[in-house]
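Participant: return atomic coordinates for the entry below.
(2 chains)
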Amino acid sequence: MSTVTLDDRLGTGWRKPHFITNPTLRWGLMLGAAVYLVLAIGSIEVNWSRVAEGMSRGWAFVTSFFNPDFVSRGGDIWDGILESVIITITSTVVGILISIPIGLGAARNIAPLPVYLVCRGIVALSRALNEIIVAILLVAIFGFGPLAGFLTLSFATIGFLSKLLAEDIEEMDRVQAEAIRATGSTWLQWVNYGVQPQVMPRLIGLSMYRLDINFRESAVLGLVGAGGIGATLNTAFDRYEFDTAAAILLIIIVTVMVLEYLSGIIRAKVQ
Amino acid sequence: MPVTQTAKGVKIWQLRDRNQTLIRWAGYLAVVAVFMWCWKRISDATTWFFVWDAPRIAADIGGRAVPPRWSYMDKLWGPLWDTLNMATLGTLLALVMAVPVAFLAARNTTPSAIFIRPVALFIIVATRSINSLIWALLLVAIIGPGVFAGLLAIAFRSIGFCAKLLYEAIEEIDQTQVEAITATGASRWQVMAYGIVPQIMPAFAGISVFRWDINIRESTVLGLVGAGGIGLQLQSSLNTLAWPQVTLILIVILFAVVVGEWISAKVRGAII
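Facilitator: All right, here's what the predicted structure looks like:
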């Protein structure tokens, strides 16, 4: 490498260093991205006349947000939201209860290798499958209704919580756990007094976050017949009743905002 | 931590005193009561005969679903390409829209904390709380079925996610660098380009790849509501009860998701 002295640099303008320093890689990536973009955009067929036609309908939807109709389908909306909330609560509670043992099992510093592998397998399976696909399969097996939705979200909660809980346990402070063990505690006492206090604040925070996610997900489960507000929403869209749809969406948005606010308060309190 | 003394003068250590314990148990009772009520509602809405019958049905479907119909793969390459495009172009479009929103929402870059910041925050919450399937449902109703509706659904859903993470990154930047650029007499835009953007660039790249990975998952099911991609094939196979095709599609989706996650992990590892 040639040495660059200050004199060489004097008089030349400063240039921003590139994000990717290797020029071959940089230009290669740019070229690849350009080729891909041309191919991808070229392969998307947009029916512009249909889009233009839909614009007025889109505008009608936007205006209906300022004029939502909570009343004319009030009964259906109320039933749907209540069912969504019920699915959310039950699946979160059951999901947390199941994910605690699985999370313990998926932490390498607590569990023996066979248990660890089984638990990690369950976590990977739960995370790889999309909620909607699980819901479709469970509706086919258990029939229409909130039970399928409850099982779907419980399953999804297990993957999410167990993984994050296991990672938290793996990062815990060993000294405290050893101190409990040195008192001659049993395994259960060791987990309860040595491990649990260290991971509890984060577990509570994650559970609140998952409650929030589960509510949002429960809003779409109805599309495939797994209960909740989704079915009502789907019907409203199909009948172009945008004011009812806007009312449902507003309820979802407000509920999510309230949940997020509450979880912020609770998390600030426990941490 | 209260310590009580028995009549013999032996000290007993307890974690909580009586009132704290009572409040705690009342809390547990309330949670259990709510849960049981919810469970009763679900139980009432369930046809239990179908549930007891479920193992037989599951075995039946499982028997029909294997072996997967590999020859159907020829028809899946097109939808798979569409799915990839929806995820990638949707993420790009979302980033284009999310960057201004993030700058308006971050406390240290927003032009007005009273008027503009709440609007930006509302955009973030509203787009985030509506699932991409609902966006797709809406867009299919407005602009008609097809890949374009799916692309827009992915894009709108991702704005909130990307903007939220990005504005948190902007709020955490090192202020001294910004001050140094300002001290050279740089304009507002120059401060942005040389003081703020280089600091958030790694976070930005990480967020983009992370969201792209999530979008691959989500775009696989958008076809269920008519928004194109491999979900369309899944829907038609389910409707015709062609279980061997469903198995194949599920395998393909699982494969796509795993590959997407692998690429995303590699890229994020290289950046950070």
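Participant: what's the distance between the one helix or strand B:Glu168 maps to and the middle of its chain?
Facilitator: Using DSSP states H and E, the element containing B:Glu168 is helix B:147-171. Centroid separation between helix B:147-171 and its chain, computed with CA atoms, centre = their mean, to the nearest Å, is 10 Å.
Participant: where are the low-confidence patches of the stretch 151-272 of chain B?
Facilitator: When residues are selected by pLDDT under 70, those of the stretch 151-272 of chain B lie in B:272.
Participant: which parts of chain A are helices?
Facilitator: Secondary structure of chain A by DSSP state H: the helices cover A:6-9, A:23-43, A:48-64, A:74-105, A:113-128, A:131-142, A:146-170, A:174-182, A:187-190, A:196-221, A:230-238, A:242-270.
Participant: A:Val38: neighbouring residues, count only.
Facilitator: Counted with other CB atoms under 10 Å in any protein chain shown, the neighbours of A:Val38 add up to 10. C-beta coordinates here come from the backbone N, C-alpha and C atoms, glycine included.
Participant: my error: substitute B:Thr47 in the last question.
Facilitator: 13.
Participant: how about the residues of the stretch 151-272 of chain B near chain A?
Facilitator: B:151, B:194, B:201, B:217-218, B:220-221, B:224-225, B:234, B:238, B:250, B:253-254, B:257-258 (CB under 8 Å from any CB of the partner chain).
Participant: which among those end up buried?
Facilitator: For these, a burial check counting by 16 or more other CB atoms under 10 Å in any protein chain shown picks out B:151, B:194, B:217-218, B:220-221, B:224-225, B:234, B:238, B:250, B:253-254, B:257.
Participant: just name the closest of the residues you listed to B:Ile134, please.
Facilitator: B:Val225 (8.8 Å; CB to CB).
Participant: now do the same contact list for that closest one.
Facilitator: By CB atoms under 8 Å, 6 or more residues apart in numbering or on different chains, the residues touching B:Val225 are A:Leu223, B:Leu133, B:Ala136, B:Leu137, B:Val140.
Participant: so which residue is dead centre in the chain?
Facilitator: Since you didn't name a chain, this refers to chain A. Centroid check for chain A by CA atoms, centre = their mean gives A:Ile213 as the closest residue, at 5.5 Å.
Participant: think we crossed wires, I meant chain B
Facilitator: B:Ile214 (6.4 Å).
Participant: where's that one relative to B:Ile143, distance?
Facilitator: The spacing between B:Ile214 and B:Ile143, counted by CB to CB, to the nearest Å, is 23 Å.
Participant: re the thing from before, by contact count, what packs against the helix holding B:Glu168?
Facilitator: helix B:77-105, helix B:116-129, helix B:132-143, helix B:197-219 (3 or more CB pairs under 8 Å, 6 or more residues apart in numbering or on different chains; DSSP states H and E).
Participant: what's the angle from that helix to helix A:23-43?
Facilitator: Calculated by axes from the mean of the first three to the mean of the last three CA atoms, to 10 degrees, helix B:147-171 forms an angle of 140 degrees with helix A:23-43.
Participant: in JSON lines: the helices of chain A, plus mean pLDDT and distance to chain B.
Facilitator: Shown next, in JSON lines, are the helices of chain A (pLDDT from 0 to 100; distance: least, CB to the nearest CB, whole Å):
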{"stretch": "helix A:6-9", "mean pLDDT": "70", "distance to chain B": "18"}
{"stretch": "helix A:23-43", "mean pLDDT": "87", "distance to chain B": "4"}
{"stretch": "helix A:48-64", "mean pLDDT": "82", "distance to chain B": "4"}
{"stretch": "helix A:74-105", "mean pLDDT": "91", "distance to chain B": "4"}
{"stretch": "helix A:113-128", "mean pLDDT": "90", "distance to chain B": "6"}
{"stretch": "helix A:131-142", "mean pLDDT": "88", "distance to chain B": "4"}
{"stretch": "helix A:146-170", "mean pLDDT": "92", "distance to chain B": "4"}
{"stretch": "helix A:174-182", "mean pLDDT": "88", "distance to chain B": "14"}
{"stretch": "helix A:187-190", "mean pLDDT": "89", "distance to chain B": "13"}
{"stretch": "helix A:196-221", "mean pLDDT": "88", "distance to chain B": "5"}
{"stretch": "helix A:230-238", "mean pLDDT": "86", "distance to chain B": "5"}
{"stretch": "helix A:242-270", "mean pLDDT": "85", "distance to chain B": "4"}
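Participant: nice, that's everything, thank you.
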